[in-house]
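Undergrad: give the three-dimensional model of this entry:
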Amino acid sequence: MRLAFDRFTVVLDACVLFPMTVRDVLLTLADHEFFNPKWSARLHKEWGTNLVDRRQAAGLPGDVQAQVAATRQSMDRAFPDALVQEVLPETANVAPVDPKRPPCRDDGHLRARRCHRDLQPEGLCGPAPAQDL
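TA: Now for the predicted structure:
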């Protein structure tokens, strides 16, 4: 018997697409319909670049670029609706919502998504700082 419920959508950031174990666990959960995964070509590029850099720095053999491309194609094939084609605003020109607060771990695409979707800053970077009295 299968339970029916509305699945929520989750944007899988590069920090969870690499390392491999976290990515595999999350994609397994998505495959079992716990949530709808989403990612962009830019996120693919970010995690792929990080993986290539790490493997090359460790001196591991093999064609890492081909492995990343194969993994990316497998992900896109397994979840055909996951690849988001929407273009976000240029993140270099997107300022944090509160200029007194530091950016969220320098993740410009999160700030852009916040501005684009009108999200509250607490949802992405933790609670806002206490107001000065």
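Undergrad: use CA for all of it now, contacts and neighbours both
TA: Will do.
Undergrad: mind checking what helix or strand follows the lengthiest helix in the chain in sequence?
TA: The residue-count maximum for a helix in the chain (DSSP state H) belongs to helix 41-57. Using DSSP states H and E, the helix or strand that follows helix 41-57 in sequence is helix 64-78.
Undergrad: quick one on the thing from earlier: which elements pack onto the longest helix of the chain?
TA: helix 14-17, helix 64-78 (3 or more Cα pairs under 8 Å, 6 or more residues apart in numbering; DSSP states H and E).
Undergrad: elements contacting the next helix-or-strand element following the shortest one?
TA: Right, the one you point to is helix 14-17. Where DSSP H and E defines the elements, the next helix or strand beyond helix 14-17 is helix 20-31. Contact partners of helix 20-31 among helices and strands, from 3+ Cα pairs under 8 Å, 6+ apart: helix 14-17, strand 35-40.
Undergrad: now do the longest helix of the chain, average pLDDT.
TA: For helix 41-57, the mean pLDDT works out to 93.
Undergrad: in it, what counts as buried?
TA: In terms of neighbour count (16 or more other Cα atoms under 10 Å), helix 41-57 has its buried residues at 43-44, 46-49, 51-52.
Undergrad: same check on stretch 28-43?
TA: By 16+ other Cα under 10 Å, the buried positions in stretch 28-43 come out as 30, 34-40, 43.
Undergrad: any chance of the residues you listed in TSV, plus distance to residue 81?
TA: Shown next, in TSV, are those (distance: Cα to Cα, whole Å):
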residue	distance to residue 81
30	12
34	15
35	12
36	8
37	8
38	8
39	9
40	11
43	15
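Undergrad: in the residues you listed, find the pair that's most separated.
TA: Spatially, the most separated pair among the buried residues of stretch 28-43 is 34 and 43, at 21.3 Å (Cα to Cα).
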